[in-house]
Each structure stands twice: as C-alpha cells, then as structure tokens.
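> Here's a sequence, model it:
(one chain, ligands or ions: 1)
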Amino acid sequence: MAEGLRIDNLTIAFDRGRQEAISDLSLQVSPGEALGLVGESGSGKSLASRAALGLLPANAKVSGRITLGDRSLLDLSPGQLQAIRGSRIAMIFQDPMSSLNPVVRVGDAISQVIRSHETVSRGEARRRAIELMERVGIRSPAERATSYPHEFSGGMRQRIMIAMALAARPGMLLADEPTTALDVIVQAGILRLLDELRRNEGMGLLLVSHDLAVVASLCDHIAVMYAGQIVEEGRAGDVLFRPRMPYTVGLLASTQRSKSLRRLASIPGRPPAPGERPNHCRFADRCPLVTDTCRAGPIPMFDVGEGQRARCVRTDKVPSLGTDAFVRDPLAVDA
Ligand SMILES: Nc1ncnc2c1ncn2[C@@H]1O[C@H](COP(=O)(O)OP(=O)(O)OP(=O)(O)O)[C@@H](O)[C@H]1O
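Have a look, this model is predicted:
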C-alpha cells in the first residue's frame, strides 16, 4: 500500500549550524505521483532525498518534519527505519558500489531483499530476482545471477542496484540520478519501467536529477532547487514551458544547444556555497532581472497561478526573459 511522502520546513546544517546546506525545504509526493527535484550540483538535492530515508551524515544538524503516511521519519529508531526501508520507501543511489556487497552474488542480493520483506520460498524469491534482472535489461539473467558485482560493468551494476531497489515493491521510490551512468537506450527502458510502476502500482517517485529531459519525460510535478532552497515548483508543463523564476529560465537555457554558437549556454557565475549565502535572494548576483528589492531581505515563494510558485519578486518580467539572456560560451567562464 503506497503512502505519501511529505517534507515540511526541512533545514540541514553542518559545522555547528554555520553552514546551512538546505533551508526550510517543503515538498510532497503523493502515491502514484512523480516529482522531479532539479538544480545544479551542490544545491542540496541528494541531501534532501537521503534525509527522507533517514540517511543523514552524523555531523548534520536537522530540523523540520518528514512523514511517510502517518510515520514521522525523523523520530524513528534505526531499527524502525530499517523495517520500512525497501518495502515502504527505497532509494536508487548515484554510486552503485555503495550499496552492492562485493562478496554476495547479485541474484542472491536481490533475493535477500525480497525475502527480508516477504515470506516467500527461496525458489520464488530467485524466480522474481531473475525476472527483475530481465526487466532492468540484463541479458541471460539466470546465468548472470550467479556473478559477483565486480564482474559487471558500471552501467550493469547500476541496473542491478535498480533491481534491488525495486525488489521489495516499494510504495515510494527515491531515485538520485538513476540513469546518468546508462546509455540512452537502456536509460529509456529503465524510465519506462519506473513510469509503469508508478501508473500501475501507485508507486510514488521522487526523481533527483540535473537532467531536465529525463525529468520532463517522467514527472508530473517539478521542484527547482537553488543554493539549498526550492525556488520554483509547479506542474511539469508549467515549470518547463512557463518558468517564472529567472534561475529556471537559465537552467532551461543551459540544456539547449545554441544553433549559432553550437555550444551549450551556461549561467554566468557560481551559486553561493553554504555559509556564503545572503539573507536576500540567493540568485541575485547572477540574475539578469535583479533590482534593489531583490537584495532588501528574504524572498518568499509567491503563487503565480495553477499551483505554480516562484521565489522571485519579478515573476511578471520573467515571461519576457528569453533563454538568450543566459546564452554564454561555457569555456569563457566568468570569475
Ligand atoms: N557530510 C557533510 N558535511 C558537510 N557538508 C556537506 C555534507 N554532506 C553534504 N554537504 C553539503 O551539502 C550541500 C548539498 O549537497 P548535495 O550532495 O545534496 O548536493 P546535490 O544538489 O545533490 O549535488 P550533486 O548533484 O553534485 O549530488 C553541498 O554544499 C555539500 O557540500
């Protein structure tokens, strides 16, 4: 039975609270819904999704609330968290080796996940493990099930990890760049599988990615993160085709090829690191629409209609802001 995931006012800081990596983040993923969490490297996407699994670095100072159904995840003991991981909530990590045991044959690893959550015979668990390996695109899965992780390529290991994450039929799946290491054909197969599980079995999906094309293909809602905050959210079509926060426009521009320049656009400058973030709009120094108001104090999220919200005081000016405003040669990086 799938349960919704809800994060309310999550703040995560390091260095005794001096370095705030995530500030006051709230989001929600209902059963059967796919939310894409996008943003540049370091914006806090991975940290937010790992927090939802109770996997926080020991030196992190955390406040806020994370609930799965009616359970408050930040209040669960390690044993209670372990009991819900896999079946209620599971995660596909960026680095496959981090969750594969090098001395366990991959078929056994997948079977163990199944048997730790369901009472099924060894034979039945094995049959399902092989079926899952096939579904994630591993050829001759019955033979490959007896191999060890190091006998697979990086892309194959990623697929095995995806099979493991899906083995206990999780109600909520957190996927952190799940297909980045895969070629486009395999990637398409995995994305179709995730989409099928969500539509047919009501699995909720939080997809963390910097790849807007992947997010666009799978998600009905998108939240854009910048420097530890959500800066825009709404239905995927609205955020992608009618962005109302200049940063989202820049992010979209950076994924398009400029025909005349034949190179990628990039947003000039760098996002401020934790500990260097201003008390006003965090995008102000890179924004083509910046005014004094943007630097006057913290900027809240503004409703811009139809459930779309943007952390910007100039949302009315954004529609006139073409993606050309951000077209730059990435090799001529601004200091
Ligand atoms: N254990 C830690 N100690 C100190 N800072 C940390 C720790 N873990 C994460 N951070 C900081 O938290 C911020 C967010 O990191 P996070 O990995 O969530 O970013 P991200 O958006 O997922 O980036 P990427 O796409 O590269 O994974 C970074 O600035 C990082 O330096």
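> Kindly list the longest helix within the chain.
Counting residues, the longest helix found in the chain (DSSP state H) is helix 184-201.
> And the next helix or strand past that helix?
Per DSSP states H and E, the first helix or strand lying C-terminal to helix 184-201 is strand 204-209.
> center of the chain - which residue?
Against the mean C-alpha coordinate of the chain, by Cα atoms, centre = their mean, the closest residue is Val208 at 1.3 Å.
> so it makes contact with Ser41?
No: if you go by Cβ atoms under 8 Å, Val208 and Ser41 don't touch, sitting 11.4 Å apart. C-beta here means a position set from N, CA and C on the backbone, and glycine is covered the same way.
> hmm, back to that, could you pull out the buried residues of the longest helix of the chain?
Neighbour-count burial for helix 184-201, counted by 16 or more other Cβ atoms under 10 Å, picks out 186-187, 189-191, 193-195, 197-198.
> Just give me the closest of the residues you listed to Ala310.
In terms of Cβ to Cβ, no member of the buried residues of helix 184-201 lies closer to Ala310 than Arg198, at 26.3 Å.
> how close does the closest one sit to Gln19?
35 Å (Cβ to Cβ, to the nearest Å).
> can you check Ile92 too?
Note on Ile92: its distance to Gln19, by Cβ to Cβ, is 27 Å.
> So which of these two has more stuff around it?
Counted by other Cβ atoms under 10 Å, Ile92 and Gln19 do not tie: Ile92 has more neighbours, with 25 against 16.
> My understanding was that the more buried one contacts Asp176; is that so?
Yes: using Cβ under 8 Å, Ile92 is in contact with Asp176, at 6.5 Å.
> for the stretch 151-300 of the chain, which spans come out with low pLDDT?
256-266 (pLDDT under 70).
> Apply 90 and report the result again.
153-156, 158, 178-190, 210-214, 250-270, 275 (pLDDT under 90).
> interface residues of it facing the ligand?
Contact residues (Cβ under 6 Å from any ligand atom) of the stretch 151-300 of the chain with the ligand: 210, 273-274.
> Narrow the residues you listed to just the buried residues.
Applying 16+ other Cβ under 10 Å to those flags 210, 274 as buried.
> export the residues of the stretch 151-300 of the chain next to the ligand to TSV and tack on distance to Glu143?
Shown next, in TSV, are those (distance: Cβ to Cβ, whole Å):
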residue	distance to Glu143
His210	36
Ala273	48
Pro274	47
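> ok, so of the residues of the stretch 151-300 of the chain next to the ligand, who is nearest the ligand?
Nearest to the ligand among these, counting by Cβ to the nearest ligand atom, is Pro274 at 5.0 Å.
> Local confidence estimate at the nearest residue to the closest one once chain neighbours are set aside?
Leaving aside its sequence neighbours, Pro274 sits nearest to Gln19 (Cβ to Cβ, 6 or more residues apart in numbering; 3.9 Å). What the model reports as pLDDT for Gln19 is 93.
> Next up, the contacts around Gln19.
For Gln19, the contacting residues are 13, 273-275, by Cβ atoms under 8 Å, 6 or more residues apart in numbering.
> do that again at 10 Å, thanks
Gln19 is in contact with 12-13, 61, 228, 273-277, counting by Cβ atoms under 10 Å, 6 or more residues apart in numbering.
> any idea how far the nearest residue to Leu212 once chain neighbours are set aside lies from the ligand?
Distance criterion Cβ to Cβ, 6+ apart; nearest residue to Leu212, sequence neighbours excluded, is Thr255 at 5.1 Å. With distances taken as Cβ to the nearest ligand atom, to the nearest Å, Thr255 is found 15 Å from the ligand.
> Ser111 should be in a helix, yeah?
Yes: counting by DSSP: H, G, I helix; E, B strand; the rest coil, Ser111 falls inside a helix.
> Excluding covalently adjacent residues, which one is nearest to it?
Ala125 (4.0 Å).
> Which helix or strand contains the one you found?
Per DSSP H and E: helix 122-135 holds Ala125.
> CA atoms only: put that helix into PDB for me.
C-alpha atoms of helix 122-135 as PDB (Å, rounded to 0.1, in the frame of the first residue of the first chain):
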ATOM      1  CA  ARG A 122      13.900 -19.400  -1.800                       C
ATOM      2  CA  GLY A 123      12.900 -20.600  -5.300                       C
ATOM      3  CA  GLU A 124      10.100 -18.000  -5.600                       C
ATOM      4  CA  ALA A 125      12.500 -15.200  -4.500                       C
ATOM      5  CA  ARG A 126      15.100 -16.400  -7.000                       C
ATOM      6  CA  ARG A 127      12.500 -16.500  -9.800                       C
ATOM      7  CA  ARG A 128      11.400 -12.900  -9.000                       C
ATOM      8  CA  ALA A 129      15.100 -11.800  -8.800                       C
ATOM      9  CA  ILE A 130      15.800 -13.100 -12.300                       C
ATOM     10  CA  GLU A 131      12.600 -11.600 -13.600                       C
ATOM     11  CA  LEU A 132      13.600  -8.200 -12.200                       C
ATOM     12  CA  MET A 133      17.100  -8.500 -13.700                       C
ATOM     13  CA  GLU A 134      15.400  -9.100 -17.000                       C
ATOM     14  CA  ARG A 135      13.100  -6.100 -16.500                       C
END
